[in-house]
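*Asks:* Provided below are the primary sequence and the corresponding predicted coordinates.
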Amino acid sequence: MAARVVTPPKQQHEQGEINEGDLPVSIFLTPIAAPMRFSIMYPDFGVNNFQIRPDWINLMSNTLQFYGLPHENPNTYISNFLRNCQNFHAPGVNEDAIKLRLFPFTLRDAALEWLDAEPHASITTWEELIRKFCTKFFPPARVAKIRLEIQTFQQKEEESYNEAWNRFNELMRKCPNHGITQGNQVQYFYTGLTPLSKSQVDASAGGSIIGKSVQQTMDLFESIATIHSMFSSERVIAALTKQVELLVKLQTHGANAMMASSACENCGRNHATKSCMMLTSSEEQVNFIQNSSRNFNSYSNNFQQERRPSLGEMFQQYGQKTDKVFQQIDTNFQNQQASIKKLETQIGQIAQQLAERPQGTLPGNTMINPKEQLMAIEVVENDPPRAPVKVKAYVPPLLFPQRL
């Protein structure tokens, strides 16, 4: 019987005859190293012997990271990335080449996995990278959500005018491709304002914004927000009010309940809340702003409209009233500090007295009981007097004497 000759796998491959059944099992069990692949096709720098400095990479990697989380905004991230890249400038070097090489060092977790999962050399330009990046992490559904927030914008109850304007602009910056015209922006913002803020805008516009152009109205919105940020004291008053309330609680802690109930809820002084100067001043400011655009002469028989105050006069009077409120708050704050200092002094004196008293003694002096020892006297007729007999104090017997 003739022996069967098996051709080695290498020779079978050379001859084009590969039989999988003749291959060793180790070929299928040994892991194969993945080939090096890059989703970005990096262009040349345009200058010979140029390399990106390591400090550039460390700066971008440590100060700017994008993880691909739902709350992260890729548009804001791209804006910050481009702002940092402006600090890296080399004459004659292709800037897109620098951006494409620095971009992967700022990605983390899901964002880096997305970049590695892209096909090999599928990204060749910076514009293509940004388009794919925004499509992945800022899908159309998210754009539609922000567009709806802009269209249904509403000023919050405790939100000032400048805070509402800044929040509206922040929504616009979050979605650069919102596609909303400037005229619609004016409509959405003005419609969402509270009646008080609308009256302020109308008074600043000379009665109404209908006669203004779109650009003039946008400039008016911005100027009012700027003036409010300079003179508005709502946030400062709220912070000071919280501090005063805390001081009032510390001062009235342990005091008479009747005195605590008579204190004002706004400033903490001993008067009714309805008659507080702070509340009266706030109501005067609101009434002044609401009635500034419709101030009529009540003493004229023909109801002739008086001259409307200018915007500068309105804000000057508003600033004066605000200064009075600040002065009142400052006076209340100083009074509360003086009261707290008195309480601290009294508590310190009490603590010092407790520290000087010996331990294990009562605050007062103790007296010895005069009946601590009893003396029994027996009197018998026709007997000479006897010396008093001392009665021993009763001592109870020991329990369980067998244990001793």
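*Replies:* Thanks, I have the structure now.
*Asks:* can you check which helix is longest in this protein?
*Replies:* Once the chain is assigned using DSSP state H, the helix that runs over the most residues is helix 311-356.
*Asks:* just the helices in the stretch 51-200 of the chain please.
*Replies:* Secondary structure of the stretch 51-200 of the chain by DSSP state H, counting those that start in this stretch: the helices cover 54-63, 74-85, 95-102, 109-117, 126-137, 140-151, 161-174, 182-191, 195-204.
*Asks:* identify whichever of the ones you listed lies nearest to Ile18.
*Replies:* Smallest distance to Ile18 across those (CB to CB): 32.3 Å, for helix 109-117. Glycine gets a C-beta too; all of them are placed from N, C-alpha and C.
*Asks:* between the closest one and helix 126-137, what angle do the directions make?
*Replies:* Angle, helix 109-117 to helix 126-137, by axes from the mean of the first three to the mean of the last three CA atoms, to 10 degrees: 130 degrees.
*Asks:* what about the stretch 251-400 of the chain, any weak spots by pLDDT?
*Replies:* Applying pLDDT under 70 to the stretch 251-400 of the chain flags residues 251-312, 315, 355, 357-392, 394-400.
*Asks:* swap the cut-off to 50 and go again
*Replies:* Low-confidence segments of the stretch 251-400 of the chain, defined by pLDDT under 50: 254-261, 286, 288-289, 292-293, 295-305.
*Asks:* about what we covered before: what angle separates the longest helix of the chain from helix 195-204?
*Replies:* Using the same axes, to 10 degrees: helix 311-356 against helix 195-204 is 140 degrees.
*Asks:* helices or strands next to helix 311-356 in the packing?
*Replies:* With contacts taken as 3 or more CB pairs under 8 Å, 6 or more residues apart in numbering; DSSP states H and E, helix 311-356 sits against helix 195-204, helix 214-231, helix 234-251, helix 277-291.
*Asks:* hey, least reliable of these by pLDDT?
*Replies:* Per-stretch averages of pLDDT across those put helix 277-291 at the bottom, with a mean of 52.
*Asks:* thinking again about what came up before, just so I know, which of the helices of the stretch 51-200 of the chain lies nearest Ser213?
*Replies:* Of the helices of the stretch 51-200 of the chain, the one closest to Ser213 (CB to CB) turns out to be helix 182-191, at 9.7 Å.
*Asks:* I figured Lys132 hits Leu115, correct?
*Replies:* No: Lys132 is not in contact with Leu115 according to CB atoms under 8 Å; the separation is 9.1 Å.
*Asks:* who's more crowded, the two?
*Replies:* Comparing Lys132 with Leu115 by other CB atoms under 10 Å, the one with more neighbours is Leu115, at 19 against 16.
*Asks:* could you check the pLDDT of that one?
*Replies:* 93.
*Asks:* please report how far it lies from Tyr190.
*Replies:* 43 Å (CB to CB, to the nearest Å).
*Asks:* what's near enough to touch the residue nearest to Trp165 when sequence neighbours are not counted?
*Replies:* Leaving aside its chain neighbours, Trp165 sits nearest to Ala225 (4.2 Å; criterion: CB to CB, 6 or more residues apart in numbering). Contact analysis of Ala225 by CB atoms under 8 Å, 6 or more residues apart in numbering lists Tyr161, Asn162, Trp165, Asn166.
*Asks:* nearest to Asn73, of those residues?
*Replies:* Closest to Asn73, out of all of these and judged by CB to CB, is Asn166, at 16.3 Å.
*Asks:* number of residues surrounding the closest one?
*Replies:* 13.
*Asks:* from Ala203, how far out is it?
*Replies:* From Asn166 to Ala203 the distance is 21 Å (CB to CB).
*Asks:* the longest helix of the chain to helix 214-231, inter-axis angle?
*Replies:* 30 degrees.
*Asks:* roughly how far apart are the residue nearest to Trp165 and Phe168?
*Replies:* 10 Å.
*Asks:* same check, this time on Phe66
*Replies:* From Phe66 across to Phe168, the span is 26 Å (CB to CB).
*Asks:* of the two, who's got more company?
*Replies:* In this view Phe66 and Phe168 are compared by other CB under 10 Å, and Phe66 has more residues nearby, 23 against 20.
*Asks:* which residues touch the more buried one?
*Replies:* Phe66 neighbours (CB under 8 Å, 6+ apart): Glu72, Pro74, Tyr77, Thr106, Leu107, Arg108, Ala111.
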